[in-house]
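Trainee: heads up, no residue letters with this:
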Ligand SMILES: O=C(O)C(=O)C[C@]1(C(=O)O)C=C[C@@H](O)C=C1
């Protein structure tokens, strides 16, 4: 007969109680701090600070799990003192929802809305303190709805997150019984090679989000959705085929929207919008300003001006914060030499999850 193992000096429930005691103590400190300062609470900065202060490489738990636990604790402590909401393109289990949970933890109130435009509106109206929107995908390029709203919205980009995207074909029906595949246009496009090869002739139907597609597939036999595994689980769908994205390194970059201006961290980037005159060489002149200041552009997009044929505005990104002298110099020169300049945000360079 086995000897009973010696009693551990600490029981699991004792440890759980200790964890909660410490989290509550942390919450008290956050409440005191927020009570002392007039400055608006900045959860995004607090999340970043906590991550850089704590060494998550120590211990047996994977680093990603430790970071995720920390994020939940930080956001729950903020939420208890100063409730804040994050708007995202719903319904729940859209990729935007997964991005919001990765960035903010689940301690905040995550609030689904029905379109990318509605995310901007919720932040602009102050209904939500933050929003999260897809801005660019590594396979499919820019997200048009986001760029259009960035041009005429008052909200700032205050952060970013790069989310690895693995699409799945989800349905109640077997592959040979599928007559329609529903998803957001960007998701369909990221899988167009796979869909053409494996489901030729099947009708593709565009939806407002991938999670909305999963919802549709759950109610009608013959419909499949391209969506996340989480959405498939939520709507009780079978995984007909996992990971159908054409590019194994399919990544979507999400912009975090808010009203504040993040302080410099030493590893920042800036997103700018500008408009140039409709004359030969106008864009080349602006590019010369970046070249002369040795600012290395990491992204450039042109976007048609509504109602003004052949005229465009441009969105560029480059390393550095708008308070850095080199960046401030470029912005000042652009203000003199272009028709319109708007700093959409200077914020910490995002991590990939
Ligand atoms: O529909 C969703 O689930 C979204 O969050 C939107 C979105 C996008 O438009 O890019 C986000 C990530 C993927 O690239 C596919 C869809």
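Mentor: It's in. Quantities reported herein were computed from a predicted structural model and do not represent experimental measurements.
Trainee: List the buried residues in the helix or strand containing residue 29.
Mentor: For residue 29, the host element (DSSP states H and E) is helix 12-36. Residues of helix 12-36 classed as buried under the neighbour-count rule (16 or more other Cβ atoms under 10 Å) are 27, 30, 34. All C-beta atoms are positioned from the backbone trio N, CA, C, and that covers glycine.
Trainee: Whatever helix or strand comes next after it vs helix 12-36, what angle?
Mentor: Using DSSP H and E, the helix or strand that follows helix 12-36 in sequence is helix 43-53. Calculated by axes from the mean of the first three to the mean of the last three Cα atoms, to 10 degrees, helix 43-53 forms an angle of 130 degrees with helix 12-36.
Trainee: what comes into contact with helix 43-53?
Mentor: Around helix 43-53, the neighbours that count as contacts under Cβ atoms under 8 Å, 6 or more residues apart in numbering are 30, 67, 70-71, 74-75, 78, 84, 103-105, 108, 129-130, 158-159, 256, 258, 260, 262-263, 265, 348.
Trainee: let's see it at 7 Å
Mentor: Contact with helix 43-53 is made by 67, 70-71, 74-75, 78, 84, 158-159, 256, 258, 262-263, 265, 348, as judged by Cβ atoms under 7 Å, 6 or more residues apart in numbering.
Trainee: so how far is it off the chain centroid?
Mentor: 17 Å (Cα atoms, centre = their mean, to the nearest Å).
Trainee: Tell me the helix or strand right after that helix.
Mentor: Following helix 43-53 in sequence, per DSSP H and E, is helix 63-81.
Trainee: just checking, what packs against that next one?
Mentor: helix 12-36, helix 43-53 (3 or more Cβ pairs under 7 Å, 6 or more residues apart in numbering; DSSP states H and E).
Trainee: How far off centre is the longest one?
Mentor: Which is helix 12-36. For helix 12-36, the distance to the chain centre is 28 Å (Cα atoms, centre = their mean).
Trainee: got the angle between it and helix 63-81?
Mentor: 50 degrees.
Trainee: Give me the mean pLDDT for helix 12-36.
Mentor: Mean pLDDT, computed over helix 12-36, is 93.
Trainee: How about residues contacting that helix?
Mentor: So helix 12-36 is in contact with 41, 73, 77, 78, 80, 81, 82, going by Cβ under 7 Å, 6+ apart.
Trainee: I'd like the distance between the third one and residue 147.
Mentor: The reference is to residue 77. 35 Å (Cβ to Cβ, to the nearest Å).
Trainee: And these two? Which one has more around it.
Mentor: residue 77 (24 against 18; other Cβ atoms under 10 Å).
Trainee: That one: what's it in contact with?
Mentor: Applying Cβ under 7 Å, 6+ apart, the residues contacting residue 77 are 26, 27, 30.
Trainee: Reformat the helices and strands packed on helix 63-81 as JSON lines; add distance to residue 318.
Mentor: Compiled in JSON lines, those are given as follows (distance: least, Cβ to Cβ, whole Å):
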{"stretch": "helix 12-36", "distance to residue 318": "34"}
{"stretch": "helix 43-53", "distance to residue 318": "20"}
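Trainee: So which of those is nearest the ligand?
Mentor: With Cβ to the nearest ligand atom, the closest approach to the ligand among the helices and strands packed on helix 63-81 belongs to helix 43-53: 19.5 Å.
Trainee: The closest one: which residues count as buried?
Mentor: Those would be 43, 44, 45, 46, 47, 48, 50, for helix 43-53 by 16+ other Cβ under 10 Å.
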